[in-house]
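Engineer: predicted coordinates and the sequence they were generated for:
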Amino acid sequence: MPTDSIARLPTCEGRIDPVFVDAATPISVGRSQRTIPDRLRRHVPFRDAHRCQVPGCIATRGLDLHHIIHWADDGRTDSCNLITICVRHHRMHHKHRLGISGNADEPETLRFRNSHGIEIRRSGVSPAPPNGPPSSIDGTYEHPIGERLDGRWVTFVNPETPPNQRWKEPALTG
């Protein structure tokens with residue numbers, strides 16, 4: 001029995017979804033169709049860890065598959081040209097406020113640019129939301145041109161205070 005037939009046996013009646021490759025790149029459909037076939041529709045989000053690929057975005061729901069080079073501009077429906085992005089960033093891209101380029105099969109080559117052409121880079125930091133007011137500042141503040149900081153105009157919002165109680169009008173005395 002040849003080895004090819006043994007490899008095909010589990011995929012015959014099972015629920016295994018094979019990804020056939022050619023030189024370590026998943027075989028895709030190229031320019032033959034614009035719509036993304038089911039196999040690629042499952043492969044690309046898996047490759048992208050089911051997350052929006054825009055640096056700093058943590059969206060894992062409402063994800064779209066996007067042609068990096070649009071199909072209308074002779075882009076191919078191949079895994080290297082398809083990227084998982086959230087609906088918000090997808091709209092931003094089509095409004096020319098987010099540029100995307102590179103090979104999606106090689107994530108280190110992907111480049112994202114804002115509407116001013118400045119590259120958006122991955123920082124590796126996952127910021128945590130504040131859990132209270134900032135700590136007090138040690139030392140004194142020196143303004144760069146010598147002006148003073150008036151504490152009356154500086155306020156911090158306590159996240160534990162409900163929004164409707166943050167800015168109450170002072171009671172009028174009569």
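Structural biologist: Arrived safely. The structure displayed is predicted, hence computed values, not measured ones.
Engineer: which residues of the protein fall in strands?
Structural biologist: 21-22, 25-26, 63-67, 82-86, 98-101, 111-114, 119-120 (DSSP state E).
Engineer: which one of those strands lies nearest to G146?
Structural biologist: Ranking the strands of the chain by proximity to G146 (Cβ to Cβ) places strand 111-114 first, at 34.8 Å. Bear in mind the C-beta positions are built from the backbone N, C-alpha and C, glycine included.
Engineer: report the spatially nearest residue to A59, omitting neighbours in sequence.
Structural biologist: Closest residue in space to A59, ignoring its immediate chain neighbours: C86 at 3.7 Å, by Cβ to Cβ, 6 or more residues apart in numbering.
Engineer: verify the stated contact: that neighbour with I58.
Structural biologist: No: judged on Cβ atoms under 8 Å, C86 makes no contact with I58 at a distance of 9.2 Å.
Engineer: for V44, see how far away D38 is.
Structural biologist: Distance of D38 to V44, given as Cβ to Cβ, to the nearest Å: 11 Å.
Engineer: coming back round to it: tell me the contacts of the residue nearest to A59?
Structural biologist: 52, 54, 57, 59, 61-64 (Cβ atoms under 8 Å, 6 or more residues apart in numbering).
Engineer: go with 10 Å
Structural biologist: Neighbouring residues of C86 by Cβ atoms under 10 Å, 6 or more residues apart in numbering: 51-54, 57-64, 92.
Engineer: re earlier: of D38 and V44, who's got more company?
Structural biologist: Neighbours were counted for D38 and for V44 using other Cβ atoms under 10 Å; V44 has more, 23 against 9.
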